[in-house]
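K.L.:
sharing a model that was predicted from the sequence below.
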Amino acid sequence: MKNKNADSKKPKKEEKNDLDNWSPSSWRNHLIKQAPSYEDQEDLQRVEQKLSSYPPLIFAKEVDLLKTKLQKVALGEAFILQGGDCAESFSRFSADSIRDFYKLILQMSIILGFSSQKEIIKLGRIAGQFAKPRSQDFEEKEGIKLPIFRGDMINSLDFNPSGRKHDPQRMLQAYHQSTATLNLLRAFSKGGMADFHLFAQYILDFAQSHPLAQRYKTLANQISQALCFAQSCGINLETMSNFCEFFTSHEALLLHYEEALCRTDSLSQQFYDCSAHFLWIGERTLSSPAHLEFIRGIQNPKGLKVSTRTPINELLKALDLLNPSNQKGEIALIIRMGEEGIQTRLPPLIQSIQQHKKEVIWMSDPMHGNTMTKNGIKTRQFSSIINELAHFFSITREFGVYAGGVHLEMTGEDVTECIGGSITQEGLQKNYITQCDPRLNATQSLDLAFWLADQFEVFI
Ligand code: PEP
Ligand code: CO
């Protein structure tokens with residue numbers, strides 16, 4: 001069946017949330033935004049069939065486990081640390097970068113867990129974060145106009161006609177890269193890195209001489225000593241390996257891929273999107289009926305990005321559709337309003353959600369509302385990121401709602417993409433390698449984690 005294009009046709013009348021009318025492919029009957037245009041429909045169908053016959057990447061039980069953890073967040077007993085690349089890359093795929101990212105997210109969790117005394121839920125933007133929504137359909141360079149880059153799962157960054165062609169085969173490569181990534185992450189979290197004696201050694205090589213590394217090592221050594229003491233008192237630390245538990249997430253943008261990875265749970269007969277544990281709808285696709293239709297039928301917990309442009313009435317309608325029984329821990333609102341916008345737009349949003357008694361987890365994405373271009377380079381100021389977070393914590397506290405998590409673009413690689421710390425505007429080009437938006441590097445991420453830790457002491 002062909003997709004309808006939302007930009008050219010009027011939306012259909014709203015449908016009630018009735019899962020009898022839902023199937024993994026029912027999104028195809030709805031208007032869609034941000035969809036690729038594949039020339040070869042037969043090739044697309046072959047790829048979709050292959051993907052639907054492949055093993056799931058994650059399992060229903062793991063999704064259910066994450067849901068119970070998110071219910072704890074909804075009760076104010078746990079905190080979500082979600083982060084990773086803006087766009088994963090085929091060409092920069094390597095075991096080292098996965099390891100370094102995993103080490104970084106563990107270090108940040110140690111810092112956050114110690115200060116908040118709460119469980120930190122580690123949710124990677126990884127093993128599936130390959131498709132990007134874009135503001136423009138085309139890019140023009142020196143008089144040549146080509147389709148915009150939409151993520152490695154759809155086309156290539158290379159600026160030539162064959163690179164920019166939308167190619168369904170790329171979904172297969174994304175699937176295989178995701179399986180290999182998950183395989184390594186599972187190995188790390190089950191054994192390789194789950195030993196608390198090693199926590200102090202997780203400092204990445206390039207960050208060794210940074211003052212924050214010393215602060216981290218001191219903290220990790222204190223924790224290690226306390227745990228050795230607990231062990232010597234006969235306390236069983238076997239469940240410590242839960243600390244390294246890791247979940248995956250990405251934007252549910254390319255619905256051909258998401259549909260092909262839907263599976264029915266044999267016990268409950270319910271549908272799970274087995275491409276990741278947690279899926280989110282981006283800022284640009286909350287107004288795409290096909291995306292809402294797809295995501296309403298899957299059992300996975302979901303995120304909705306919210307910007308200053310998001311109409312509150314549309315958001316409320318989406319909450320009715322996606323969580324009709326208003327259960328706790330099902331939906332996270334990921335606020336990305338920018339350091340200015342958040343001050344005036346978050347208070348009325350919280351009030352409206354409170355008035356309508358909607359159950360949501362409040363998260364902050366302090367990255368996407370603070371993107372700017374300096375000398376042709378897309379960047380973000382570390383100070384703006386921190387300012388937005390500071391407003392997020394103080395506004396949520398003022399309105400009596402729990403600040404349940406952060407959503408970051410970050411990497412364990414020693415990149416120079418955001419301005420702050422030792423990175424100046426002039427130094428951005430030194431190691432600017434992101435495929436899409438600028439990410440925090442390891443020391444900037446640690447800096448942010450210590451800043452959050454100080455907040456926890458004040459707010460939590
Ligand atoms: C993203 O998370 O990379 C993204 C594009 O975010 P948003 O939908 O909030 O713009
Ligand atoms: Co991004």
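P.N.:
Nice, thanks for sending it over. Ligands and ions are numbered 1, 2, ... in the order given.
K.L.:
low-confidence ranges, the stretch 51-200 of the chain, go.
P.N.:
Counting by pLDDT under 70, the stretch 51-200 of the chain has low-confidence residues at 192-196.
K.L.:
so which bits of this structure are right by ligand 2?
P.N.:
86, 437 (C-beta under 5 Å from the ion). Where you see a C-beta, it was placed from the backbone N, CA and C, and this is true even at glycine.
K.L.:
if we go to 6 Å?
P.N.:
Counting by C-beta under 6 Å from the ion, the residues of the chain close to ligand 2 are 86, 368, 409, 436-437.
K.L.:
tell me the contacts of the residue in the stretch 301-450 of the chain that ligand 1 sits nearest to?
P.N.:
Closest residue of the stretch 301-450 of the chain to ligand 1, C-beta to the nearest ligand atom: residue 305 (3.7 Å). Residue 305 makes contacts with 280-283, 286, 334, 336, 365, 368, as judged by C-beta atoms under 8 Å, 6 or more residues apart in numbering.
K.L.:
tell me the phi and psi of it?
P.N.:
Backbone torsions of residue 305, given as degrees, to the nearest 10, read phi -80, psi 140.
K.L.:
so what pairs up with it in the strands?
P.N.:
Bridge pairing for residue 305 (DSSP bridges) gives the partners residue 334.
K.L.:
how much space between it and residue 167?
P.N.:
27 Å (C-beta to C-beta, to the nearest Å).
K.L.:
next one: residue 57
P.N.:
21 Å.
K.L.:
enumerate the residues of the stretch 51-200 of the chain near ligand 1.
P.N.:
86, 133 (C-beta under 6 Å from any ligand atom).
K.L.:
dump the residue contacts of the closest residue to ligand 1 within the stretch 1-150 of the chain.
P.N.:
Relative to ligand 1, the nearest point of the stretch 1-150 of the chain is residue 86 (4.7 Å; C-beta to the nearest ligand atom). By C-beta under 8 Å, 6+ apart, the contact list for residue 86 reads 125, 129, 132, 409, 434-439.
K.L.:
then residue 81?
P.N.:
Going by C-beta under 8 Å, 6+ apart, the list of residues near residue 81 reads 105, 108-109, 112, 120-123, 405-406, 408.
K.L.:
pick out whichever of the contacts of residue 305 sits closest to residue 200.
P.N.:
Using C-beta to C-beta, residue 365 comes nearest to residue 200 of the contacts of residue 305, at 30.3 Å.
K.L.:
you'd agree residue 99 is up against residue 181?
P.N.:
No - the pair residue 99 and residue 181 does not pass the contact test of C-beta atoms under 8 Å, sitting 10.9 Å apart.
K.L.:
where do the helices sit along the protein?
P.N.:
41-53, 60-74, 95-116, 169-187, 211-232, 255-260, 289-296, 312-322, 338-355, 382-398, 442-459 (DSSP state H).
K.L.:
can you lay out those helices as CSV showing distance to residue 427 and mean neighbour count?
P.N.:
Formatted as CSV, the helices of the chain follow (distance: least, C-beta to C-beta, whole Å; neighbours: other C-beta atoms under 10 Å):
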stretch, distance to residue 427, mean neighbour count
helix 41-53, 42, 14
helix 60-74, 37, 18
helix 95-116, 21, 20
helix 169-187, 30, 18
helix 211-232, 18, 14
helix 255-260, 37, 24
helix 289-296, 38, 24
helix 312-322, 39, 16
helix 338-355, 22, 17
helix 382-398, 13, 19
helix 442-459, 13, 19
